[in-house]
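Trainee: Dropping a prediction and its sequence here:
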Amino acid sequence: MKARRIAGLDPAAPLGQNARLIVAARLDELRALAEEALVPGAAGAQHDMRIAAKRLRYALEIVGPCLGESAEPARLAAKELQSALGDLHDCDVIMPRVEAIPSLAAVVLARRECLFVAFAELWRDDASKDVWAALERAL
């Protein structure tokens with residue numbers, strides 16, 4: 001997944017101004033992928049969402065102090081999402097290698113299903129805690 005270009009960045013502007021633009025773009029990317037990624041078999045969207053979570057997390061690690069208190073919970077949430085979606089992706093990568101062994105394929109599939117449920121709960125939990133909305137308000 002290619003990162004969206006960020007309009008309005010100005011190298012001469014204060015860091016806080018550019019930080020808000022960068023984080024807003026990365027948050028928009030993450031949220032835009034959520035609906036499709038919350039479909040159990042949408043491996044491509046889930047992988048793209050992992051990449052978006054990684055980009056948001058890294059942006060927040062660098063510029064979070066410019067954004068106030070809401071940046072740290074959002075950074076931690078993005079880190080958890082990235083990890084959860086990474087575990088899902090690992091199942092997707094290994095599945096073609098184990099399909100010829102039905103018992104092992106069943107284990108990987110069952111693990112993926114459990115991991116998907118955990119990811120979906122994590123996304124809903126972050127939304128119910130207002131993590132993303134609070135970050136957006138700080139921008």
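Mentor: That came through, no problem. Residues are numbered from 1 along each chain as shown.

Trainee: what about the helices in this structure?
Mentor: Counting by DSSP state H, the chain forms helices over residues 15-37, 43-63, 71-98, 102-128, 131-138, given from the N-terminal end onward.

Trainee: what inclination does the fourth one have with respect to helix 131-138?
Mentor: Here the directions of helix 102-128 and helix 131-138 differ by 40 degrees (axes from the mean of the first three to the mean of the last three CA atoms, to 10 degrees).

Trainee: From the centroid of this protein, which residue is nearest?
Mentor: Centroid-nearest residue in the chain: Ala53, 2.5 Å away (criterion: CA atoms, centre = their mean).

Trainee: OK, contacts around it?
Mentor: Residues in contact with Ala53 (CB atoms under 8 Å, 6 or more residues apart in numbering) are Leu30, Ala78, Lys79, Leu81, Gln82, Leu85. Quick note: C-beta positions are derived from backbone N, CA and C, even for glycine.
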